[in-house]
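**Q** any chance you can model this:
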Amino acid sequence: MAETSREFMNDIKSTGKQAADTGKQLYGEAKSELKSKVNEAKSELESTWGDRYETIKHKAQDAMDTSEDFIKDHPIATVLGACAVGFVAGLIARRRN
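**A** Sure, this is the predicted structure:
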């Protein structure tokens, strides 16, 4: 009986080891496939949106440069405009209370 229980335990250990090995193998395959799919999607997005991203980036930079130039050329008008916007915002906030 003791020998039968040892064989049974060895079978359980062996089956457990095989299950662990199979799990590791399946995990490795799934991980590899997922990496492949992510890289494929990333490449597709870069090819589709890469040009658009660069265009938007350049337009945003141009807008920022234009704003900076305006502020440097007209500092008093900029400060007065900011004060006017703040004053109007204050009036609107006071009316709601």
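
**Q** next up, phi/psi of residue 74, please.
**A** phi -130, psi 70 (degrees, to the nearest 10).

**Q** how many other residues sit next to it?
**A** 12 (other C-beta atoms under 10 Å). All C-beta spots, glycine's among them, are computed from the backbone N, C-alpha and C.

**Q** over to residue 31?
**A** 10.

**Q** before we move on, which element is it in?
**A** helix 2-73 (DSSP states H and E).

**Q** what is the host helix or strand of residue 82 packed up against?
**A** In the assignment (DSSP H and E), residue 82 maps to helix 75-96. Helix 75-96 sits against no helix or strand, with contacts defined as 3 or more C-beta pairs under 8 Å, 6 or more residues apart in numbering; DSSP states H and E.

**Q** can I get that helix in CSV, CA atoms only?
**A** Output of helix 75-96 as CSV, limited to C-alpha atoms (Å, rounded to 0.1, in the frame of the first residue of the first chain):
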residue,chain,number,x,y,z
PRO,A,75,2.6,93.9,-24.3
ILE,A,76,0.2,96.7,-23.1
ALA,A,77,-2.7,95.5,-25.3
THR,A,78,-2.1,91.9,-24.0
VAL,A,79,-2.2,92.9,-20.4
LEU,A,80,-5.3,95.1,-20.9
GLY,A,81,-7.0,92.2,-22.7
ALA,A,82,-6.2,89.8,-19.9
CYS,A,83,-7.6,92.3,-17.4
ALA,A,84,-10.8,92.7,-19.4
VAL,A,85,-11.3,88.9,-19.6
GLY,A,86,-10.7,88.6,-15.9
PHE,A,87,-13.2,91.5,-15.1
VAL,A,88,-15.9,89.9,-17.3
ALA,A,89,-15.3,86.5,-15.7
GLY,A,90,-15.6,88.1,-12.3
LEU,A,91,-18.9,89.7,-13.2
ILE,A,92,-20.3,86.4,-14.5
ALA,A,93,-19.1,84.5,-11.4
ARG,A,94,-20.7,87.2,-9.1
ARG,A,95,-24.1,86.9,-11.0
ARG,A,96,-24.2,83.2,-10.4
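
**Q** cool, thanks, signing off.
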